[in-house]
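> let me see the structure of the following:
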Amino acid sequence: MKHLWTAVALCVACGVGVAQTRETLGTDGTWRPLAPASGSADEALMNQARQLIAQGKTDQATSDLTKWLERQDRVRNPWYPEALMLRASARLAGGDEFESLYDFEQVIRDYPGSENFVAALEKEYEVAELYLKGRRKKLLGLRLESGIPIATEILLRINERLPGSKLAERSLLRLADYYYEQRELEMAGETYDVFLSLYPRSEHRAKALQRRVYANITRFKGPAFDATSLQEAQYQIEDFQREFPIEAQRVGMTDALAARVEESRAEQLLLVARYYLEDSDKPAARLTLSRLIRTYPGTGAAQRGLEVFEKEGWTLPGSPAAASAPPAPAQPDAKTTGGAP
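Numbering: from 1, shown residues only. Now for the predicted structure:
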């Protein structure tokens with residue numbers, strides 16, 4: 001009986017030992033101890049916070065994480081950036097998107113080498129999207145302030161912090177699209193220019209080229225205003241037709257659109273010529289009309305310019321009538337006629 005209890009005791013001891021060390025058989029036939037199961041109080045808190053956020057208990061998650069963060073050394077504790085991300089996510093899910101930006105920014109500034117760096121930028125993009133779609137920033141608990149300045153700053157900073165990335169590409173295009181949709185056409189044209197320069201092989205290149213053309217055309221306010229944007233649009237239409245011929249036909253980026261742009265530019269020259277006529281500056285009017293007829297011969301403005309030529313009795317430089325016209329009489333030379341009898 002004594003030997004039996006000794007054997008039982010040994011078996012129990014062995015069982016306890018196995019339970020504590022947890023060995024596994026290796027490929028070489030030897031037993032090796034398994035790594036201890038991971039899990040710490042900090043990790044448990046993070047997992048609990050994730051569950052609370054998933055359950056919609058964002059206030060409790062924020063409170064628990066805030067207490068934990070206040071007790072930690074943010075340089076030494078490896079869970080610190082994760083806790084910041086979780087608290088920011090809880091605030092964002094709970095409708096405090098502006099407050100969440102403080103934590104996202106701290107992760108971006110203080111932990112650029114961590115796996116949370118890109119995730120924080122992606123979350124900031126989400127906040128920017130909320131503001132661009134109309135959500136207003138809280139002031140004294142009420143949504144009174146526009147969040148657009150914050151959104152545009154976020155999108156620009158993403159390009160500074162993660163240049164050349166898909167997220168940066170998406171952010172810059174989103175900013176250009178916002179300006180375009182809000183009819184801030186000068187800013188839209190400039191932003192599309194930057195986008196095309198930074199991402200020349202983007203899958204969204206055709207869209208950016210097309211919208212840049214329309215932005216420049218729409219910026220033109222009429223013949224009495226600067227036509228630089230029209231001139232740019234005319235060149236851009238030609239570039240688009242060469243690069244995307246099928247897409248150009250589909251979206252109407254055709255010769256018909258180029259002709260309308262050309263007509264607008266011609267109308268401006270005709271308006272300038274009429275101004276000179278009203279100001280009794282006929283040489284300047286004639287020069288401007290000559291330029292109009294030579295540069296845009298197929299436009300309605302050029303035909304009206306020819307009518308002005310006929311009314312004034314002018315001949316167009318380079319025309320057959322101008323070539324057959326008698327030379328103008330020479331002016332008398334004062335040196336030869338001054339003292340002649």
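
> strands along the stretch 51-200 of the chain, start to end?
136-139, 142-146 (DSSP state E, counting those that start in this stretch).

> winner for burial among the ones you listed?
Neighbour counts (mean count of other CB atoms under 10 Å) averaged over each of those peak at strand 136-139, with a mean of 14. In short, each C-beta sits where N, CA and C put it, glycine included.

> kindly export it (C-alpha atoms) in CSV.
Below are the C-alpha coordinates for strand 136-139, written out as CSV (Å, rounded to 0.1, in the frame of the first residue of the first chain):
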residue,chain,number,x,y,z
ARG,A,136,-20.5,70.3,-38.5
LYS,A,137,-18.0,70.5,-35.7
LYS,A,138,-19.3,70.7,-32.2
LEU,A,139,-19.2,74.0,-30.3
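
> which strands border that strand, and is each parallel or antiparallel?
strand 142-146 (antiparallel) (DSSP bridges).

> chain center to the strand it pairs with: distance?
25 Å (CA atoms, centre = their mean, to the nearest Å).

> send the alpha carbons of that strand over as PDB?
Taking C-alpha atoms only, strand 142-146 is exported to PDB below (Å, rounded to 0.1, in the frame of the first residue of the first chain):
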ATOM      1  CA  LEU A 142     -23.900  71.800 -30.500                       C
ATOM      2  CA  ARG A 143     -22.800  71.300 -34.100                       C
ATOM      3  CA  LEU A 144     -22.400  74.900 -35.200                       C
ATOM      4  CA  GLU A 145     -19.000  75.200 -36.800                       C
ATOM      5  CA  SER A 146     -18.000  74.200 -40.300                       C
END
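
> what's next to that strand, contact-wise?
The contact list for strand 142-146, computed with CB atoms under 8 Å, 6 or more residues apart in numbering, reads Y131, R135, R136, K137, K138, L139.

> nearest residue to the last one in space, please, no chain neighbours.
Pointing back at L139 there. Using CB to CB, 6 or more residues apart in numbering and skipping the chain neighbours, the partner closest in space to L139 is E145 (5.0 Å).

> just the pLDDT for that neighbour.
E145 is assigned 87 on the pLDDT scale.

> identify, from the contacts of strand 142-146, the entry nearest to L196.
Y131 (25.3 Å; CB to CB).

> that closest one: what's it in contact with?
Counted by CB under 8 Å, 6+ apart, Y131 has contacts K137, S146, G147, I148, I150, A151.

> could you dump those to CSV with distance to L69?
CSV is the format used below for these (distance: CB to CB, whole Å):
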residue, distance to L69
K137, 24
S146, 31
G147, 26
I148, 31
I150, 24
A151, 27
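
> tell me how many other residues surround the nearest residue to R174 once chain neighbours are set aside.
Nearest in space to R174, with sequence neighbours left out and distances taken as CB to CB, 6+ apart, is L155 at 6.2 Å. Applying other CB atoms under 10 Å, we find 24 residues neighbouring L155.

> good, we can wrap up now.
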